[in-house]
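Asks: Build me a model from this:
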Amino acid sequence: MALSKEETIRPDRIDYTGDLNEAQLEAVEYGEGPLLIIAGAGSGKTRTLTYRVARQVERGVPPKALLLLTFTRKAAQEMLRRAAELLDGRCRQVAGGTFHSFAHRVLRRHAPRFGFETNFSILDRPDSENLLAMIRKEIGPSPKSGSFPRKQTLMGIFSRSVNKERSVEDVIYDDHPHLLPVLEDILAVYEEYRRRKTDDGLLDYDDLLVYLKRLLKEHPDIRERLAAAYRIILVDEYQDTNRIQAEIVYLLGSGHRNVTVVGDDSQSIYSFRGANFQNIFDFAESFPETKIVRLEENYRSIQPILDLTNRILDEADRKFTKTLFTRNPGNRLPVLVTTAGENAQSRFVVETLLERQRQGVCLRDMAVLFRAGFHSFDLEIELSRESIPFVKVGGFKFMESAHIKDLLAHMRVIVNPLDRISWYRLLLLVDKVGPKTAQAVYSAVYAENAGYTGLLTAALKGPVNSGIERLKNLFSVLDATPMGVAQIGEAVLNYYAPILQRAYDDHPRRLRDLQQLLSIMERYTDLESFLSDMALEPPNTSADDTLSTSADVEDRLVLSTVHSAKGLEWDTVFVIWALDGRFPSVHSMQDEDQLEEELRLMYVAATRAKKHLYFTCPMQSYDRGSGMLLTRPSRFIDEIPESLLARWQADLY
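Replies: Numbering: from 1, shown residues only. Reported below is the predicted structural model:
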């Protein structure tokens, strides 16, 4: 088969020696067998992995025999785009995506092996929480239970149980001991949650990984077929994998052993999501012949910043030893600034960033980082007072908005008529339909064996109001007329628009969001694929809220938690509330593992800065939760000598 013009193989070989440093080249040129790339912050991790993909294809490995697993689809697409630019269009044929999207593709083909139909629905986090809320209300805690956890807390407990491979009981004993009086009720909700998902053909995010692991372990024929199809496996951000993901990698790669994982143990900061810090150390034990390559040359920061971050990491108990260095010019020391109080801290940040702006640094090239979202509240007031535009990262979630989920619910019941959550959602939008009627409709849906139009009609025999008539008419049209994905979306939007207008004062903005969603639908020919992508890899922002720091957007200061800032970089970084008891938090001081993760979090914060790095510490701060007076800079930087970290007092602010 001839290649297209875009895919034509370039006659010139990639200049690996000229493009890569010695360690990167060693990683890229490594042949068969397991490879662990320890990539320090700013050391060209993505570049190395991209060149390794291109090198494998250049050596003659069929592109579809490579499996690239990442934590976002965007990351995989960007790497493959760059690889194609380096070599040729064959690199676009590499199988790339997230663990969850890969699991989804496999499970769609083999769903009957674990008792599901191939049209199962995927629950995103808010949908899972809504199902739990429904169960919680139906079965209810016993009268003696007293306070019962909210749906978000329940979902967090259940998800942590799955990702950490610990029982729900153990999670509650260790992490939520105050909930022990209602343990039996929580377990009852959990068992009902699992049963409902099975009965209704629903899988949540955690289930995708759990069932894939089961499939690989319990069905050797499928495992061997997948291992033969994907002869080379590459995994990005391996330090962020959980136990299940690490086992999936082992099951897929233990036969051919051609597994490359890239990560940095020092940037493992997501244990609250189930990430297992131990995985990156265990890799070499699972594959004893592993080659380890360390990437230590930093392309982001000046050397004084790296000297500081190297010193911070010296305090870590367990680590892959590495010393970051750079050829970037610059000799300005990072600074620890102590202030009289929180507002003095805010004033210092404002005055300093205004000074940096006068020196020619754009607002979008500066960031204020913090341990927890509430740490920036006072600063936000000062920024607004000075009319300094800013964006706070991590707030608005496009796909979690009520109006987006309303529209998608109508489409989801077309694919899976047993989707209880979606039926309840769309029915409760109808005027004069309450929970009892919604439950009656779903019971009819579940009991009958017919298309969704027939089920709806059967469930609503007898007198109906105008709202029900409109809903029946919508489904009648959808059932009778062949439509593409965007046409279905447009029909649902025409039905939903009057509901939207009645429900929301800001309906014009929300309508623009829905119109944006319609434009996304135009790229799809299959409704099931569209709905799966919206659950697995949704767009992140609304039409009026761009959380981006790229050069083509408005010049705004970035405020962000450290967790949300990982992978980003700025010319100037302020790490506020670098106060012992705030960073690290009082809670983490009681647990050695958590304290170690807080240290890594400080390392991540510091390594976001290219040229200017400020830590600010309000002294004499009272912590209401612990009753403690916090008076000391963060233990992670307090003892660092002034030859590495300058000290300023900002009492004049």
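Asks: any idea which strand is longest in this protein?
Replies: Ranked by residue count and defined by DSSP state E, the top strand of the chain is strand 609-618.
Asks: Now do the buried residues in the next helix or strand after that strand.
Replies: Helices and strands here follow DSSP states H and E; after strand 609-618, the next one along the chain is strand 621-623. Within strand 621-623, the residues scored as buried using 16 or more other CB atoms under 10 Å are residue 621. Where you see a C-beta, it was placed from the backbone N, CA and C, and this is true even at glycine.
Asks: Please name every helix or strand in contact with whatever helix or strand comes next after strand 621-623.
Replies: Downstream of strand 621-623, the first helix or strand assigned by DSSP H and E is strand 628-630. Contacts defined by 3 or more CB pairs under 8 Å, 6 or more residues apart in numbering; DSSP states H and E place strand 628-630 against strand 621-623.
Asks: and residue 502, what helix or strand is that in?
Replies: helix 485-503.
Asks: Quick one: mean pLDDT over the very next helix or strand once past that helix.
Replies: Using DSSP H and E, the helix or strand that follows helix 485-503 in sequence is helix 507-521. For helix 507-521, the mean per-residue pLDDT is 78.
Asks: Stretch 480-487 now?
Replies: 87.
Asks: starting at the chain centroid, how far to that stretch?
Replies: Distance, stretch centre to chain centre, for stretch 480-487: 32 Å (CA atoms, centre = their mean, to the nearest Å).
Asks: distance of residue 63 from residue 83?
Replies: Note on residue 63: its distance to residue 83, by CB to CB, to the nearest Å, is 9 Å.
Asks: what do the two both touch?
Replies: Common neighbours of residue 63 and residue 83, using CB atoms under 8 Å, 6 or more residues apart in numbering, are 57, 91, 94.
Asks: TSV for those, including neighbour count?
Replies: Output for the shared contacts of residue 63 and residue 83, formatted as TSV (neighbours: other CB atoms under 10 Å):
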residue	neighbour count
57	24
91	26
94	25
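Asks: Residue 572: which of these is nearest?
Replies: Among the shared contacts of residue 63 and residue 83, residue 91 lies closest to residue 572 (CB to CB), at 36.1 Å.
Asks: quick one: that closest one from residue 58, how far?
Replies: 9 Å.
Asks: Let me see the ranges of the helices in the stretch 401-550 of the chain.
Replies: 402-415, 420-428, 435-447, 452-459, 466-480, 485-503, 507-521, 527-536 (DSSP state H, counting those that start in this stretch).
Asks: And those helices: which comes nearest residue 310?
Replies: It is, among those and with distance given as CB to CB, helix 527-536, at 38.0 Å.
Asks: Check which helices and strands the next helix-or-strand element following that closest one is in contact with.
Replies: Using DSSP H and E, the helix or strand that follows helix 527-536 towards the C-terminus is strand 557-561. The contact analysis (3+ CB pairs under 8 Å, 6+ apart) places strand 557-561 against strand 366-370, helix 377-385, strand 390-392.
Asks: State the mean pLDDT of strand 557-561.
Replies: 92.
Asks: by how many degrees do it and helix 377-385 diverge?
Replies: 170 degrees (axes from the mean of the first three to the mean of the last three CA atoms, to 10 degrees).
Asks: quick one: low-confidence parts of the stretch 1-150 of the chain?
Replies: The stretch 1-150 of the chain contains residues with pLDDT under 70 at 1-12, 140-147.
Asks: If you rank every helix and strand of this protein by mean pLDDT, what lands last?
Replies: Ranked by mean pLDDT, DSSP states H and E, the weakest helix or strand in the chain is helix 452-459, scoring a mean of 54.
Asks: ok, which stretches of the stretch 251-400 of the chain are strands?
Replies: 259-263, 291-295, 335-339, 366-370, 390-392 (DSSP state E, counting those that start in this stretch).
Asks: Determine how far the fourth one lies from the middle of the whole chain.
Replies: Relative to the mean C-alpha coordinate of its chain, strand 366-370 is positioned 20 Å out (CA atoms, centre = their mean).
Asks: ok so, going back, can you flag the weakest of the helices and strands packed on strand 557-561 by average pLDDT?
Replies: What stands lowest among the helices and strands packed on strand 557-561, in mean pLDDT terms, is helix 377-385, with a mean of 83.
Asks: Contact partners for residue 606?
Replies: 305, 308-309, 312, 334, 573, 575, 613.
Asks: Including distance to residue 265, pLDDT and neighbour count, could those residues go into CSV?
Replies: Output for the contacts of residue 606, formatted as CSV (distance: CB to CB, whole Å; pLDDT from 0 to 100; neighbours: other CB atoms under 10 Å):
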residue, distance to residue 265, pLDDT, neighbour count
305, 20, 97, 29
308, 19, 96, 23
309, 14, 95, 27
312, 14, 95, 22
334, 23, 96, 24
573, 22, 97, 28
575, 21, 96, 27
613, 22, 97, 27
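Asks: From residue 85, how far off is residue 123?
Replies: Distance from residue 123 to residue 85, by CB to CB: 37 Å.
Asks: Pick out whichever of these two has more residues nearby.
Replies: Neighbours per residue (other CB atoms under 10 Å) separate residue 123 from residue 85, with residue 123 holding more: 23 against 13.
Asks: isn't the more buried one right next to residue 534, touching?
Replies: No: judged on CB atoms under 8 Å, residue 123 makes no contact with residue 534 at a distance of 12.0 Å.
Asks: Which residue is the nearest non-sequential neighbour of residue 557?
Replies: Nearest residue to residue 557 in three dimensions, chain neighbours excluded: residue 390, at 4.1 Å (CB to CB, 6 or more residues apart in numbering).
Asks: tally of neighbours for the one you found?
Replies: Neighbour tally, residue 390, other CB under 10 Å: 20.
Asks: Can you give me the distance of it to residue 239?
Replies: 30 Å.
Asks: and if you look at residue 72?
Replies: In terms of CB to CB, residue 72 sits 15 Å off from residue 239.
Asks: which one of the two has more residues nearby?
Replies: residue 239 (24 against 16).
Asks: Kindly give the local confidence score, pLDDT, for the more buried one.
Replies: 92.
Asks: Then residue 437?
Replies: 78.
Asks: excluding its backbone neighbours, what's nearest it?
Replies: Nearest to residue 437 is residue 427, by CB to CB, 6+ apart, at 6.9 Å.
Asks: pretty sure the one you found is touching residue 439, no?
Replies: No: counting by CB under 8 Å, residue 427 does not reach residue 439; the two are 9.1 Å apart.
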